[in-house]
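1. Whatever this is, show me its structure:
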Amino acid sequence: MGGGSVVLGIVQLAIGWRGMTATGEAATSSSGLVAIASGALFVTVGLTVLARDFAGARNNEEVPENAPPFLRLAANLLNIVLLAIFAIIASVLASGTLFDLQPQLGSLATPFRIFMGALALVLWYGVAHLTVSLLRRSGRAK
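-> Sure, this is the predicted structure:
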């Protein structure tokens, strides 16, 4: 599952970097960014699954204490990166600078942006919390 996710993510990244849509049409800058963001998300999810599997975590378990330190660190860092990607996406949608949501959502565009802004704040708090807790566990910050 992890390897398949990484491959799909690489395809999405290639589409985004190349500036083309999946149908071969010229992409707008926002659709290219969507492809890049979704590709980064898929790659990160795949790498997270692979790191957790190699470390010995099974069925929503934590990474075992006896796992190699680099795999424990990789799994923790990838969890933080994954949450950060979701926070970036929520922040971009909340700001409304890259995407005009009015044609798709009509009168719901403003409430949607407010909701995404609140979600972005929660996600960024989660990124900060996970980062601080990782540093504390590693003994680098007190």
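
2. excluding its backbone neighbours, what's nearest the residue most central in space within the chain?
-> A centroid search over the chain (Cα atoms, centre = their mean) returns Ile85, at 3.1 Å, as the residue closest to the centre. Among residues not flanking Ile85 along the chain, Leu41 sits closest, at 5.2 Å (Cβ to Cβ, 6 or more residues apart in numbering). Every C-beta, even on glycine, is put in place using the N, C-alpha and C of the backbone.

3. which element is the one you found on?
-> Following DSSP states H and E, the helix or strand that holds Leu41 is helix 29-55.

4. Show me what that helix is packed up against.
-> Other helices and strands packing on helix 29-55, by 3 or more Cβ pairs under 8 Å, 6 or more residues apart in numbering; DSSP states H and E, are helix 2-18, helix 69-95.

5. Relative to Val92, how far out is Leu101?
-> Here the criterion is Cβ to Cβ, to the nearest Å. By it, Leu101 lies 11 Å from Val92.
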